[in-house]
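In: Test case, fold it:
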Amino acid sequence: MARELTFTAVGFTVLIALVLVHPTCCATSTCPASSCGNINISFPFGLESDPFYQSCGYPFYVLSCENNRTVLYKFGGKYYVEEISYNNFTIRIVDSGIQKNSYFSTPNYSLYRYNFSSINLFNGYTTYQPKGTVPERYPELSRSLVWMSCEKPVNSPLYLDTSTCNYNDNSSSISDSKTRYRYVKAGRTTASEVEDSCQVEKMSLTSWPTNNDDPNISCTDVHHELAYGFELSWLNGEGNCENYCPIYGSKCYLNDMNHLQCYDDSTGVLDQILEILRVLGYIFVESAHWWDAISYYTSAVIFLLETRTVLGILFMVAFLIYKWRKRHLSMYDAIEEFLQSQINLMPIRYSYSEIRKMSKGFKDKLGEGGYGSVYRGKLESGPHVAIKMLGISKANGQEFINEVATIGRIHHVNVVQLIGFCAEGPKRALIYEFMPNSSLEKYIFSQEESILLSIEKMFEISLGVARGIEYLHQGCDMQILHFDIKPHNILLDENFIPKVSDFGLAKLYPTNDSIVSLTAARGTLGYIAPELFYKNIGGVSYKADVYSFGMLLLEMASRRKNVNAFADRSSQIYFPTWVYGQFSEGNDIEIEDVTEEEKKIVKKMIIVALWCIQMKPSDRPSMNKVVEMLEGEVECLQMPSKPFLSSSPARPTGDVGDNLNSTSSSFQSGESSQSAKL
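Out: The predicted structure follows:
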């Protein structure tokens, strides 16, 4: 009887030990090794065609074997694997567009370090190597090559003129009939180093030497670096060390001898429990009396259960505190990691004290919006700026990241310039160039004669806005969709040159993505494209911005809001319905105190707007075509089909966030009566 109890107790002890240490045992993979060409493939990598890898490998590290060459597909691009170093935990890959024996070849794909930051979940790779326990000091494995297109020649030793390299220039994302000058710059590049006449076309990664500021680079140097490829590490020191460390949850790094070291910065609760189990094993081995052993075992189990209860309560308290802190700190970490990954092309970073100083304690408030307040400030160098202090974030700081990721990388005369930013814990600010003439909203709907703009000036503004949106869609290495085009977000400088602003809802997509995915509608009701609500009329694309611009253009032409089509009073008529009926019946629109030329301008703006607000996205023109139509003659324009359903719902007004649950909102009354006069 005693022997049975003893074996039962021992078995129970072993079972507890197995349960506790199970994560360590199952984390080591037994995937069989394979090869492709001259590349040996073993854990964590595996071939897509290997049936064993599907059950024991990681999806991040799946490789393909094509024509006896090892291939890695990542972020929509195809890269050849040149080397896998299992001692250094690195993989070296090269863009499939680079040919070693052809100095004219250029990368097929645009890639930058942000792709491999932890903000992009589940990518499996990093551009640094975990040397030591301080992530901020990790050495970089890969650096950037920045490909730029400029309207004017650039006289800088840091810019390599690619016309001397005879590259196959088939990857330019900028369609321009004018002569452009193309350059490439190696290594760290700040926003101030990008000339005003230049636009970033593409970015590539290389394993360029650390001392990368040498201006004496040549076409041969660039080709050799591209052909050599760039290194990535699959060991990030934080989240995937369980495959190499004996204790589950440990972190790891490479020491000076390039050997893997594990360390555990946890509370050590698991170690204490394992130590208790080791003591229990010693009791059973050394005890000469079985019943004494059972007595010891029973006491130890009771002690263990009591200890686990106390530790469980402490753990729950600590967990609740951790979750409360993480809800606030994770947003700051995400923002900080994004800023570190984008340091190559980043505006100036200011401290909060510098922001307070330049705004003189936030005394001059210019306005307030959905994401915070705007104050007037002045840089030490003299120019005035607009300081946008962001409020409490509802999306892990995503609106801050959106603005810096989009407007921080582009330069265009019709897009507001982001001069700098501040990110200190909960305090976040964006510093823009100052627009003394406020927003377009002030001039469209104003009844004051002193601030009315002429029809010619309003047309010039509409053409500038169209060019700015066209640049966002086609002029960058990534397609930028604004999703919130409206009068309030069009700012005017001292010469009334329009600037597209407020990129808090913007999204970046590859230029070849015609249809994009969104989890919820975004924008301002009254300007939101119908496909964001009604999925059956077409997918969401850059045509959503075209629709918003069309609604804006109608308001600019009519100087009134587009309001309820089914209101009881004629003063609340829906303007697009009325104006389409006028043109369909062959009637011209009477406008008081204007010339015939100005009437033609208004008619052209309205016809272009009616094209833009077609119900189906496929029926709307691109912004490139919109600019062409606005620059052309009104006689060349044809009337589009009816741009709305015969029983379309009324258009409410109001702001919509990222998590829109309802389309209901209060209606805004009209500002002019039903008449043949504007």
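In: correct me, but Gly538 touches Gln614?
Out: No: using Cβ atoms under 8 Å, Gly538 is not in contact with Gln614, being 10.2 Å away. Heads up, the C-betas are built off the backbone N, CA and C, glycines and all.
In: the helices in the protein, which residues?
Out: Using DSSP state H, the helices of the chain run over 2-26, 53-56, 219-228, 269-286, 290-341, 352-358, 398-406, 441-444, 455-474, 543-558, 575-584, 596-612, 623-631.
In: residues making contact with the last one?
Out: Pointing back at helix 623-631 there. Contact with helix 623-631 is made by 175, 459, 462-463, 466-467, 469-470, 473-474, 542, 545-546, 549, 604-605, 607-608, 611-612, 621, 637, as judged by Cβ atoms under 8 Å, 6 or more residues apart in numbering.
In: which ones are touching the nearest residue to Ser548 once chain neighbours are set aside?
Out: Distances taken as Cβ to Cβ, 6 or more residues apart in numbering place Ile485 nearest to Ser548, at 3.7 Å, with adjacent residues excluded. Shown in contact with Ile485 (Cβ under 8 Å, 6+ apart): Val465, Ile469, Val500, Tyr527, Asp545, Ser548, Phe549, Leu552.
In: Repeat that for Gly97.
Out: Ser105, Thr106, Pro107, Asn108, Tyr109, Ser171.
In: Report the two of those separated the most.
Out: Ser105 and Tyr109 (12.8 Å; Cβ to Cβ).
In: Ala423 contacts Arg349, correct?
Out: Yes: the pair Ala423 / Arg349 is scored as a contact, 7.4 Å apart, by Cβ under 8 Å.
In: okay, the two: which has more neighbours?
Out: Ranked by neighbour count (other Cβ atoms under 10 Å), Ala423 and Arg349 place Ala423 first, with 23 against 13.
In: now that one, which residues is it bridged with?
Out: Arg428 (DSSP bridges).
In: Tell me how far it lies from Tyr352.
Out: 9 Å (Cβ to Cβ, to the nearest Å).
In: can you check Tyr61 too?
Out: According to Cβ to Cβ, Tyr61 stands 42 Å off from Tyr352.
In: Counting neighbours around each, name which of those two comes out higher.
Out: The residue with more neighbours, out of Tyr61 and Tyr352, is Tyr61; 18 against 15, by other Cβ under 10 Å.
In: Do I have it right that the more buried one meets Val81?
Out: No: using Cβ under 8 Å, Tyr61 makes no contact with Val81, being 11.0 Å away.
In: show me the contacts for Ser359.
Out: Contacts of Ser359 by Cβ under 8 Å, 6+ apart are Tyr375, Arg376, Gly377, Ile387.
In: now do Arg143
Out: For Arg143, the contact set (Cβ under 8 Å, 6+ apart) comprises Ala186, Gly187, Arg188, Leu205, Thr206, Ser207, Trp208, Asn212.
In: burial of Phe503, as a residue count?
Out: Neighbour tally, Phe503, other Cβ under 10 Å: 28.
In: Next one, pLDDT for it please.
Out: Looking at Phe503, its pLDDT reads 84.
In: Look at Val154 and report its pLDDT.
Out: At Val154, pLDDT is 88.
In: Ala520 now?
Out: For Ala520, the predicted pLDDT is 70.
In: Spatially, what comes nearest to Tyr471 if we skip its sequence neighbours?
Out: His412 (4.7 Å).
In: Could you count how many residues lie near the one you found?
Out: His412: 18 neighbours (other Cβ under 10 Å).
In: Repeat that for Lys599.
Out: Residues lying near Lys599 (other Cβ under 10 Å) number 16.
In: likewise Val416?
Out: Around Val416 there are 23 residues (other Cβ under 10 Å).
In: Kindly report the same for Thr164.
Out: 9.
In: excluding its backbone neighbours, what's nearest it?
Out: Distances taken as Cβ to Cβ, 6+ apart put Cys219 closest to Thr164, at 6.1 Å, once the chain neighbours are dropped.
In: for Pro510, what are its contacts?
Out: Taking Cβ under 8 Å, 6+ apart, one finds Gly76, Met478, Gln479 in contact with Pro510.
In: Go through those and name the one nearest Tyr159.
Out: Nearest to Tyr159 among the contacts of Pro510, counting by Cβ to Cβ, is Met478 at 22.1 Å.
In: residue contacts, the residue lying closest to that closest one once chain neighbours are set aside?
Out: With sequence-adjacent residues excluded and distances taken as Cβ to Cβ, 6+ apart, Met478 is closest to Leu508, at 4.5 Å. Applying Cβ under 8 Å, 6+ apart to Leu508 gives the contacts Ala405, Thr406, Met478, Gln479, Ile480, Leu481.
In: And Gln614, by the same measure?
Out: Listed by Cβ under 8 Å, 6+ apart, the contact set of Gln614 reads Tyr547, Arg620, Pro640, Ser641, Pro643.
In: surely the fourth one meets Asp619?
Out: In this case it means Ser641. Yes: with contact defined as Cβ under 8 Å, Ser641 counts as touching Asp619 (7.2 Å).
In: More neighbours: those two, which one.
Out: Per other Cβ under 10 Å, whichever of Ser641 and Asp619 has more neighbours is Asp619, with 16 against 11.
In: show me what contacts that one?
Out: Asp619 neighbours (Cβ under 8 Å, 6+ apart): Pro640, Ser641.
In: Then Lys100?
Out: If you count contacts by Cβ under 8 Å, 6+ apart, Lys100 has them with Ala227.
In: now swap in Val602 and tell me
Out: Contacts of Val602 by Cβ under 8 Å, 6+ apart are Ile455, Ala557, Ile589, Ile591, Val594, Leu678.
In: When you filter those down to buried only, what's left?
Out: Neighbour-count burial (16 or more other Cβ atoms under 10 Å) applied to these gives Ile455, Ala557, Ile589, Ile591, Leu678.
In: now the strands for the stretch 151-300 of the chain?
Out: For the stretch 151-300 of the chain, the strands defined by DSSP state E, counting those that start in this stretch occupy 160-161, 181-186, 198-206, 230-233, 251-254, 260-263.
In: Serialize the ones you listed to a markdown table and add fields for mean neighbour count and distance to Ala520.
Out: Formatted as a markdown table, the strands of the stretch 151-300 of the chain follow (neighbours: other Cβ atoms under 10 Å; distance: least, Cβ to Cβ, whole Å):
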| stretch | mean neighbour count | distance to Ala520 |
| --- | --- | --- |
| strand 160-161 | 18 | 44 |
| strand 181-186 | 21 | 39 |
| strand 198-206 | 24 | 30 |
| strand 230-233 | 24 | 34 |
| strand 251-254 | 20 | 37 |
| strand 260-263 | 14 | 42 |
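In: Minimum distance to Thr90: which of these has it?
Out: strand 230-233 (4.8 Å).
In: ok so, going back, return the closest of the contacts of Gln614 with respect to Tyr534.
Out: Distances from Tyr534 to the contacts of Gln614, taken as Cβ to Cβ, are shortest for Tyr547 (12.4 Å).
In: wait, doesn't that closest one sit right on Arg620?
Out: Yes: contact criterion Cβ under 8 Å: Tyr547 and Arg620 qualify, at 6.5 Å.
In: overlap in contacts of those two?
Out: By Cβ under 8 Å, 6+ apart, the residues touching both Tyr547 and Arg620 are Cys612, Ile613, Gln614.
In: what sits against the residue nearest to the first one when sequence neighbours are not counted?
Out: On the basis of Cβ to Cβ, 6+ apart, the spatially nearest residue to Cys612 that is not a chain neighbour turns out to be Gly550, at 2.6 Å. Taking Cβ under 8 Å, 6+ apart as the contact definition, Gly550 lies against Val608, Ala609, Leu610, Trp611, Cys612, Ile613, Arg620.
In: Over to Leu390?
Out: By Cβ under 8 Å, 6+ apart, Leu390 lies in contact with Tyr371, Gly372, Glu399, Phe400, Arg428, Ala429, Leu430.
In: For burial, what's the neighbour tally of Val404?
Out: Counted with other Cβ under 10 Å, Val404 comes out at 23.
In: Good, we can wrap up now.
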